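Trainee: This is a predicted model, with the sequence first.
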Amino acid sequence: MKKSDTRILTTHAGSLPRNQVLTDLLIRQEQGEAINLAQLERTTADAVQHVIHKQLEAGVDIGNDGEQPRIGFQTYVPQRMRGFGGESKRPTPQDMREFPDFMAIMQKRQMSRAKVFNAPQAVAEVQYEDLSGVQNECTLFRYCLDQASQPFTEPFMTAASPGIICTTMLNAYYDSHERYVFAVAEQMRKEYEYIHSQGFALQLDAPDLAMERTFLFQDNSIQEFRKIVEMHIAAMNHALQNIPRDRVRLHVCWGNYDGPHNHDVPLADILPILYRAKVGALSLEMSNPRHQHEYKVFKRYKLPASMMLIPGVIDSTTNYIEPAEVVADRICQVVDVIGDRSRVIAGSDCGFGTFAGWEMVAEGVVWEKLKACSAGAQLATQRLWGKGGLKATSARKQKKVVAKRQTGKTVKTGRKVATKKTAAKTTRKPVKKVVMKKVATKKVSTRKASRRGR
Ligand SMILES: [Zn+2]
């Protein structure tokens with residue numbers, strides 16, 4: 001996964017809005033209607049090309065196909081795997097049960113005719129034999145990337161985690177939830193490995209590790225839920241056994257809807273378990289009112305050196321367009337607790353097209369929000385790398401933080417330089433000199449830049 005030592009990179013959680021024609025075709029196909037497959041293919045290809053163009057235009061560094069070919073971020077799975085049939089009856093989320101008047105508002109909006117709470121269930125042994133769905137998706141994405149005006153810094157492709165598949169497509173066949181999850185993991189391994197083999201960074205979408213606390217596991221104790229999270233991660237790690245950790249990022253969220261969320265499991269209760277996932281980056285909600293304070297949890301539970309963090313710095317459920325200043329503040333807050341600017345990538349809280357028809361943010365607004373994310377990342381880069389802009393907010397504190405980081409950075413560079421010259425001549429003294437000189441130079445240029453800013 002691309003790591004940047006020169007600036008804050010940007011990405012998003014995966015799904016992007018689908019146009020109306022594509023939405024209708026995908027929903028009709030899911031409902032079993034005969035649709036014009038050639039039309040679906042054409043419309044999907046145009047849609048993928050469109051979202052790649054819009055992401056690049058918005059300055060997204062690590063982009064994808066916006067999940068345009070899929071009906072939903074996890075409900076696409078029964079279309080590819082055998083063993084599913086009938087209908088799952090997912091429980092009503094705890095916060096929606098508690099506030100039926102909020103439920104009524106949701107129903108009035110008539111969001112999504114795609115199957116969200118009533119997807120098929122597992123009625124036989126799950127088997128993933130025909131990989132053409134994921135193969136076509138990867139081929140189309142690669143083709144559209146080749147046609148694009150410029151490349152992404154890195155392309156990524158999403159896939160559903162074993163846990164979210166098993167909590168959405170409920171179990172009516174296996175004798176335990178655990179057996180079901182591991183059976184799905186063993187089959188989904190094929191899809192994950194295929195995506196990896198095509199050179200895309202793999203993102204696993206796993207709201208099961210947080211959201212399902214208030215969905216399927218709302219009657220369990222927190223201890224029981226934590227055990228379930230442990231087991232889901234063990235199954236996921238099984239499925240990732242042949243993929244290097246640094247080629248996988250994990251998206252965890254509390255459900256992409258602007259509900260009360262008052263029963264969401266606190267991040268502190270699950271974060272140490274999330275660290276067991278064999279992934280190189282964690283993508284977490286950190287912009288919406290319910291979770292924006294939780295960056296502080298990273299002070300208590302230090303991010304493992306093998307992981308990067310992709311905090312949501314734009315919300316995916318409101319049409320407010322965040323000012324760059326707000327985005328930059330969020331990025332800097334996270335960098336501050338992580339203590340490493342090169343391990344933070346600016347992202348979105350969740351997707352902007354979770355299911356076909358499940359879009360809370362208007363398409364035009366989505367692209368502006370992604371532009372705001374890039375502008376905020378640029379501003380944060382200026383603050384964190386000391387190229388001006390320091391006076392913009394909390395000037396004194398920022399200067400202190402940046403100076404401290406520059407010192408740390410320069411020590412490393414100094415040692416490296418000394419080692420390159422000659423290992424024998426490496427002593428502490430010359431290293432110190434290099435450090436002092438570099439810091440002094442930086443400070444001068446920072447001041448110059450600040451003056452220019454005024
Ligand atoms: Zn999400």
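Mentor: Received, thanks. Quantities reported herein were computed from a predicted structural model and do not represent experimental measurements. Residues are numbered from 1 along each chain as shown.
Trainee: Enumerate the strands of the stretch 301-450 of the chain by residue range, in sequence order.
Mentor: Secondary structure of the stretch 301-450 of the chain (DSSP state E, counting those that start in this stretch): strands at 308-314, 347-348.
Trainee: Need the winner for burial among the ones you listed.
Mentor: Looking across the strands of the stretch 301-450 of the chain with neighbours counted as mean count of other CB atoms under 10 Å, the highest average goes to strand 347-348: a mean of 30. In short, each C-beta sits where N, CA and C put it, glycine included.
Trainee: So which other helices or strands are in contact with that one?
Mentor: strand 308-314, helix 363-384 (3 or more CB pairs under 8 Å, 6 or more residues apart in numbering; DSSP states H and E).
Trainee: Tell me which of the ones you listed sits nearest to the ion.
Mentor: strand 308-314 (8.8 Å; CB to the ion).
Trainee: Show me how far the particular helix or strand that has Met236 in it is from its chain's centre.
Mentor: If you go by DSSP states H and E, Met236 is part of helix 222-239. Taking CA atoms, centre = their mean, to the nearest Å, the mean C-alpha location of helix 222-239 is offset from the chain mean by 19 Å.
Trainee: do the same with stretch 55-67
Mentor: Worked out by CA atoms, centre = their mean, stretch 55-67 lies 13 Å from the chain centre.
Trainee: Next, the buried residues of it.
Mentor: Buried positions in stretch 55-67, judged by neighbour count with 16 or more other CB atoms under 10 Å: Gln55, Leu56, Ala58, Val60, Asp61, Ile62, Gly63, Asn64, Asp65, Gly66, Glu67.
Trainee: quick one: which helix or strand includes the last one?
Mentor: What it means is Glu67. Applying DSSP H and E, one finds Glu67 in no helix or strand.
Trainee: what's the answer for the second one, then?
Mentor: Under the criterion of DSSP H and E, Leu56 resides in helix 37-58.
Trainee: for that helix, packing partners?
Mentor: helix 20-30, strand 62-63, helix 132-147, helix 363-384.
Trainee: Outside of it itself, which residues are in contact with it?
Mentor: Identification of contacts with helix 37-58 by CB atoms under 8 Å, 6 or more residues apart in numbering yields 12, 16, 18-19, 21-22, 25-26, 29, 63, 65-66, 68-69, 140-141, 143-145, 147-150, 152, 367, 370-371, 373-374.
Trainee: For it, buried residues please.
Mentor: Buried-residue list, helix 37-58, by 16+ other CB under 10 Å: 40, 43-45, 47-52, 54-56, 58.
Trainee: how about JSON lines for those, with distance to the ion added?
Mentor: Formatted as JSON lines, those follow (distance: CB to the ion, whole Å):
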{"residue": "Leu40", "distance to the ion": "25"}
{"residue": "Thr43", "distance to the ion": "25"}
{"residue": "Thr44", "distance to the ion": "22"}
{"residue": "Ala45", "distance to the ion": "26"}
{"residue": "Ala47", "distance to the ion": "20"}
{"residue": "Val48", "distance to the ion": "20"}
{"residue": "Gln49", "distance to the ion": "25"}
{"residue": "His50", "distance to the ion": "22"}
{"residue": "Val51", "distance to the ion": "17"}
{"residue": "Ile52", "distance to the ion": "21"}
{"residue": "Lys54", "distance to the ion": "20"}
{"residue": "Gln55", "distance to the ion": "18"}
{"residue": "Leu56", "distance to the ion": "23"}
{"residue": "Ala58", "distance to the ion": "19"}
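Trainee: Noted, bye for now.
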